[in-house]
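>>> The sequence and its predicted three-dimensional model are supplied below.
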Amino acid sequence: MEPHRLTREQARRIIVRAQLLEADRPGDVVEVAEQIGTIKIDPTAVIVPSEQTIPWTRIGWGYEPGQLTKAVENDRQLFEYAGGFYPASMLSLMRVRMRERPVRESTAAWLEANAAFRSDLLARLRADGPLLAADIPDTAAVPAGNDSGWYSDNQVPRMLDLLERLGEVAVVGRAGRLRRWDIAERARGPEPKGPGYDEAGSLLDERRLQGAGLARQKSSWSGVGMAGEPAVVEGSAWKWRVDPRALETLDDDPGGRVAILSPYDGMLVDRPRLVEAFDFTYKLEQFVPKPQRVYGYFAHPILCGDRFIGLLDAALDKPKEHLVVTAVHELVPWEAEEHEMVAAEIRDLGEWLGATVRGLD
């Protein structure tokens, strides 16, 4: 089919709307997850962990942290998987992909060498689950390498993470930041019937495009494959894919607003798209040596309407009484109204946290 032709402004509007960052706000955390697809989990809490910042950025004052826990553990409208919260409507498709997930040769060899450990772990969960990783004995015969530094010498967390990706175990809740594990068939129900591996993959590509709105086709950053319809964007040589539902509301204009985004927000994942569509280059400086940082350890990008205009370098102090603003960096010259809007959003963030803002004025 003939590709849709979009201006850069239209492209940005589609992306911002797909990420629920326009003036119209969603009603609850389930609605957020249903639209954007994934709420990223990360323990870094310079201000507040990403799984709380992401809903608040969309919903605003109508969001309370307990709503996420309730949706996951009580109502089962969301589920945790591989570092993110997903809507239950995606579960059956994801389980199809899990059970046929290919593994690297080295991983397959480690699983084979630890077949008894795998059986022991599953038997323990089946008999006594849900359990924390610390409740499961490490009976591994062969340890895995730890070049990444993410794992301790205990092989239980590594085996659990791998079996989660293969659909054999599942996270069913948390004790603080610690995950509670159970066997998948008890946590999720029987294996789903339905589409095959490839069809499930295509349907998941469509869900990812729904959350992206507009993305480069076959990009590993976006994972949308060939979902949606072809598009070209003014001034861009890329081949784009656009969600046709986003085109239906392209002329609607609910207005823009200021949004302070967690560095792990899904809006920021596709770094090349940020440059191409928004002319915004973002580098998380969390792992950059302090003398080389420009904007701060965990600077939060500031979106105003459909433009990234600055970054917020701030942190919640240990008593959680003050949101301390180190700097508000302006990427472009701000107008007086933009100063007021950004300041108001920072104060709202502080009040939502129950903290007094310091260093803003």
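Perfect, I can see it now. Since the structure is predicted, the reported quantities are computational estimates derived from the model, not experimental observations.
>>> ok, the closest residue to E22 other than its chain neighbours to W221 distance?
Leaving aside its sequence neighbours, E22 sits nearest to P254 (C-beta to C-beta, 6 or more residues apart in numbering; 5.1 Å). (Each C-beta comes from the backbone N, C-alpha and C, glycine too.) As for P254, its distance to W221 is 27 Å (criterion: C-beta to C-beta, to the nearest Å).
>>> go on, A246?
With C-beta to C-beta as the criterion, A246 and W221 are 18 Å apart.
>>> who has more neighbours, these two?
A246 (23 against 14; other C-beta atoms under 10 Å).
>>> what about the more buried one, helix or strand, and which?
helix 244-248 (DSSP states H and E).
>>> Which other helices and strands does the helix or strand following that helix contact?
Of the helices and strands lying after helix 244-248 in sequence (DSSP H and E), the nearest is strand 258-260. Contacts defined by 3 or more C-beta pairs under 8 Å, 6 or more residues apart in numbering; DSSP states H and E place strand 258-260 against helix 50-59, strand 300-304, helix 336-352.
>>> Save those as JSON lines, and put in distance to I39 too.
Below are these laid out as JSON lines (distance: least, C-beta to C-beta, whole Å):
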{"stretch": "helix 50-59", "distance to I39": "5"}
{"stretch": "strand 300-304", "distance to I39": "16"}
{"stretch": "helix 336-352", "distance to I39": "17"}
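>>> want to try CSV for these, with distance to R124, mean neighbour count and mean pLDDT as columns?
Putting the helices and strands packed on strand 258-260 into CSV (distance: least, C-beta to C-beta, whole Å; neighbours: other C-beta atoms under 10 Å; pLDDT from 0 to 100) gives the following:
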stretch, distance to R124, mean neighbour count, mean pLDDT
helix 50-59, 28, 24, 97
strand 300-304, 41, 24, 98
helix 336-352, 41, 16, 97
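>>> right, so of those, which gets closest to V242?
Nearest of the helices and strands packed on strand 258-260 to V242, taken as C-beta to C-beta: strand 300-304 at 20.3 Å.
>>> Just the CA atoms of that closest one, as PDB, please.
In PDB, the C-alpha atoms belonging to strand 300-304 read as follows (Å, rounded to 0.1, in the frame of the first residue of the first chain):
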ATOM      1  CA  HIS A 300      14.700  13.000  34.200                       C
ATOM      2  CA  PRO A 301      13.900  14.400  30.700                       C
ATOM      3  CA  ILE A 302      11.200  17.100  30.600                       C
ATOM      4  CA  LEU A 303       8.700  16.900  27.800                       C
ATOM      5  CA  CYS A 304       6.600  20.000  27.100                       C
END
